[in-house]
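1. no sequence on this one, just coordinates:
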């Protein structure tokens, strides 16, 4: 069954920001902001902004920098803008990372946290980042490692495969956790014209007050929701209950924690 893996619409952005961001994104947002701040950019571009977790972290870490934040999905960029603290100027733009509406050599740094996995043409997306970077600029981006190294996502995916055995919802394994081969990433970034490509695995721990929270996060706050509802229009509640039970069986019924791992990539021109 075909689905659009970029269809973060309806209530998904709200659930994504409320549940997914604290569950798995905030640690890496702070880590990314620290890496960007060390480069001391005057002007930076963020692509695939999502609901603005990295934007907020960079705003705190880079008080003097000009920040332009973009996303292909209008619902996500609108939510990000609505959540951003008052008093810190950010230019919000709807933009396709594969066809950026900016002139050549405009930015010191381009940042993309957990967005490259969604690019239909990775090399083209990386080439656009290179095009808008100034000479000596840096492209920093992150992707999730394989789903087996991201325990909550793995457990939810396996339980939903049991619920829908004839057509398992595979969004999490297919897209967020489907682009993790370091050799492939290095080759595609190099093909876009970058040099000095470094890839670092960064481990962290995902924590929640109960197994229900990650179940809601993944089932309601990602495109997995669309896959569930396409298979069973009334199945979202049942799928969330099934995911909750699976997480409780694996991690317990109280506060839960699971391993997460991402790859941080840096490339220069």
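-> Ah, there it is. Please read all numbers here as calculations on a predicted model, not as lab measurements. Numbers count the residues shown, from 1 in each chain.
2. Show me where the stretch 101-250 of the chain has its strands.
-> 107-113, 133-144, 195-208 (DSSP state E, counting those that start in this stretch).
3. Wait, a strand at residue 263?
-> Yes - assessed with DSSP: H, G, I helix; E, B strand; the rest coil, residue 263 lies in a strand.
4. which residues sit against the helix-or-strand element of the chain with minimal mean pLDDT?
-> None of the helices or strands of the chain scores lower by mean pLDDT, DSSP states H and E than helix 12-15, at a mean of 88. By C-beta atoms under 8 Å, 6 or more residues apart in numbering, the residues outside helix 12-15 that reach it are 51, 75, 76, 78, 79, 216, 217, 220, 221, 222, 223, 225. Bear in mind the C-beta positions are built from the backbone N, C-alpha and C, glycine included.
5. 10 Å instead, please
-> Contacts with helix 12-15, where a contact means C-beta atoms under 10 Å, 6 or more residues apart in numbering, come from 8, 20, 50-51, 73-80, 82-83, 216-226.
6. isn't residue 73 right up against residue 50?
-> Yes - here residue 73 reaches residue 50: they are 8.2 Å apart, a contact under C-beta atoms under 10 Å.
7. Which of the contacts of helix 12-15 fall in helices?
-> Members of those lying in helices (criterion: DSSP state H): 74-80, 82-83, 216-220, 224-226.
8. Can you flag the buried ones in the residues you listed?
-> For the ones in helices among the contacts of helix 12-15, a burial check counting by 16 or more other C-beta atoms under 10 Å picks out 75-77, 79-80, 83, 216-220, 224-226.
9. tell me the least confident of these?
-> Lowest pLDDT of these: residue 83, 86.
10. Confirm for me that that residue is in contact with residue 55.
-> Yes - between residue 83 and residue 55 there is a contact at 9.1 Å, judged by C-beta under 10 Å.
11. give me the number of residues near the nearest residue to residue 146 once chain neighbours are set aside?
-> Once flanking residues are discounted, residue 146 sits nearest to residue 180: 5.0 Å by C-beta to C-beta, 6 or more residues apart in numbering. Counted by other C-beta atoms under 10 Å, the residues lying close to residue 180 total 20.
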